[in-house]
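> Sharing a model prediction with you, sequence too.
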Amino acid sequence: MKLSVSARAAAAAAVATTMLLTGGAVADAASAPARPVAAPDIPLAGVKAHLTQLQSIATANGGNRAHGRAGYKASLDYVKAKLDAAGYTTTVQQFTSSGRTGYNLVADWPGGDTSQVVMAGSHLDSVTSGPGINDNGSGSAAVLEAALAVSRAQYKPTKHLRFAWWGAEELGLVGSRYYVNRLATGDRSRISAYLNFDMIGSANPGYFVYDDDPAIEKTFKEYFSGIGVPTEIETEGDGRSDHAPFKSAGVPVGGLFTGASRTKTAAQVAKWGGTAGQAFDRCYHSSCDTTANINDTALDRNSDALAYAVWELSE
Ligand code: DTR
Ligand code: CA
Ligand code: ZN
Ligand code: ZN
């Protein structure tokens, strides 16, 4: 817009006055540092709607969503359809384990610098004994809803975003290891962070942060201190979930966890509430790991922490 002579004079006078008053240079909008884009709140209702779908899928398929069974493939088809509709480029990676066909789902958000890839992932399979809603519908639903939030926001981060749902974790991290082993060597070093979410809605929850990569750990801790929730370092997990193959390949990893079969101490009840002497998840690997086996507050907090880290690490 071209200013008239008088308008330009008035603008110059305003700047001069400001400089006199502030004694410093006036930073105009063009020179102001870009403000980081704040992550959106992840709607708990959206995450729980995915859990309801995964529960229905298990109920309709023999009570589980295990590797090589109909319930797993139906779970993957559900997640994939949501992502395709949201504008993701999805890839289904097939493998065989224990004589059964398994699948990984990888979803790339178009754009961003593909030499710096921020990944968030979770295993989508359950054990054969139950629907696996906390283990690991909770992580899978939170990662899905965060990916959908990226689409809703039409977020355009500097780095490239990739989301993944792994098969056959319960058989020994089979799907994630298959993915990492088949990455071209150069592609491993292009993954700047892998964030893992396996059991993040435990009914008697703890708030555990992986202490693998310090920068990722700090990012998660920033979030939780911002909402006044104390955290502890995750000590059960080294090698026990899908971050392990990435870590072995030299990728910086981190993640969140609300606890499995270990029992909550009185000291932990003092900081987090819940029940001392009871397992964080009494239905771990059991048929009672249903939609009733979720603590909504923990699921909501961890979903929002997930989004905060994805935005922070990719902008
Ligand atoms: N292996 C996971 C459960 C599990 C146990 N310890 C941790 C630590 C961090 C994440 C997950 C876990 C499973 O049963 O899927
Ligand atoms: Ca939320
Ligand atoms: Zn498990
Ligand atoms: Zn798990």
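Happy to help now that I have it. Ligands and ions are numbered 1, 2, ... in the order given.

> host element of L105?
strand 100-109 (DSSP states H and E).

> Who are the packing partners of that strand?
Applying 3 or more Cβ pairs under 8 Å, 6 or more residues apart in numbering; DSSP states H and E, one finds that strand 100-109 makes contact with helix 70-85, strand 89-97, helix 139-153, strand 159-166, helix 174-181. For the C-beta atoms, the positions are set from N, CA and C on the backbone; glycine is no exception.

> Make JSON lines from those and add mean neighbour count to it.
Shown next, in JSON lines, are the helices and strands packed on strand 100-109 (neighbours: other Cβ atoms under 10 Å):
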{"stretch": "helix 70-85", "mean neighbour count": "19"}
{"stretch": "strand 89-97", "mean neighbour count": "14"}
{"stretch": "helix 139-153", "mean neighbour count": "24"}
{"stretch": "strand 159-166", "mean neighbour count": "25"}
{"stretch": "helix 174-181", "mean neighbour count": "22"}
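
> of all these, which lies closest to K264?
Ranking the helices and strands packed on strand 100-109 by their distance to K264 (criterion: Cβ to Cβ) puts helix 139-153 first, at 20.0 Å.

> Quick one: residues in contact with the closest one.
Among residues not part of helix 139-153, those counted as contacts by Cβ atoms under 8 Å, 6 or more residues apart in numbering are 39-40, 42-43, 46-48, 50-51, 54, 75, 79, 82-83, 86-88, 107, 109, 120-124, 155, 161, 163-165, 196-200, 299, 302-303, 306-307, 310.

> Per-residue pLDDT of A25, please?
Confidence at A25, expressed as pLDDT, is 39.

> What does the pLDDT read for the residue of the stretch 151-300 of the chain at minimum distance from ligand 1?
For the stretch 151-300 of the chain, the residue closest to ligand 1 is G237, as judged by Cβ to the nearest ligand atom, at 2.5 Å. What the model reports for G237 is a pLDDT of 72.

> SS state for it?
At G237 the chain is in coil, as set by DSSP: H, G, I helix; E, B strand; the rest coil.

> I'd like the distance between it and F208.
To F208, G237 is 8 Å away according to Cβ to Cβ, to the nearest Å.

> returning to what we had before: what distance separates the strand holding L105 from the centre of its chain?
Counting by Cα atoms, centre = their mean, to the nearest Å, strand 100-109 is centred 16 Å from the centre of its parent chain.

> what about the nearest residue to G206 once chain neighbours are set aside, how many neighbours?
Closest residue to G206 apart from its sequence neighbours, by Cβ to Cβ, 6 or more residues apart in numbering: G259 at 4.4 Å. A count of nearby residues for G259, using other Cβ atoms under 10 Å, gives 28.

> Would you mind listing what in the stretch 151-300 of the chain touches ligand 1?
Contacts of the stretch 151-300 of the chain with ligand 1, taken as Cβ under 6 Å from any ligand atom, map to 169-170, 198-199, 234, 236-237, 240-241, 257, 260.

> and with 8 Å instead?
When proximity is defined as Cβ under 8 Å from any ligand atom, the stretch 151-300 of the chain approaches ligand 1 at 169-170, 196, 198-199, 208, 210, 234, 236-238, 240-241, 243, 255, 257, 260-261, 284-285.

> same thing with the stretch 1-150 of the chain?
Residues of the stretch 1-150 of the chain that fall close to ligand 1, judged by Cβ under 8 Å from any ligand atom: 123, 127, 135-136.

> Enumerate the residues of the stretch 101-250 of the chain near ligand 4.
With Cβ under 5 Å from the ion as the criterion, the stretch 101-250 of the chain comes near ligand 4 at residues 135-136, 198.

> Tell me the most packed of those residues, by neighbour count.
Among those, N136 has the most neighbours (other Cβ under 10 Å), with 31 neighbours.

> now stretch 72-85: how far from the chain's centre is it?
Computed by Cα atoms, centre = their mean, the separation of stretch 72-85 from the middle of its chain amounts to 17 Å.

> so what's the residue nearest to T89 when sequence neighbours are not counted bridging to?
Leaving out its chain neighbours, the residue that sits closest to T89 by Cβ to Cβ, 6+ apart is D108, at 4.5 Å. Taking DSSP bridges as the rule, D108 bridges to T89, R162.

> hmm, back to that, would you say the residue nearest to G206 is within a helix?
No - counting by three-state DSSP, G259 is not part of a helix but coil.

> dump the residue contacts of it.
Contacts for G259 (Cβ under 8 Å, 6+ apart) come out as 199, 202, 204-206, 208, 236, 279-281.

> Is there a quick ChimeraX command that grabs whichever of the residues you listed are buried?
Applying 16 or more other Cβ atoms under 10 Å to the contacts of G259, the buried members can be selected in ChimeraX as follows:
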select :199,202,204,205,206,208,279,280,281
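
> Among the contacts of G259, which one lies nearest to S225?
Closest to S225 out of the contacts of G259 is F208 (14.7 Å), distances taken as Cβ to Cβ.

> how far away is Y78 from L105?
Using Cβ to Cβ, Y78 is found at 10 Å from L105.
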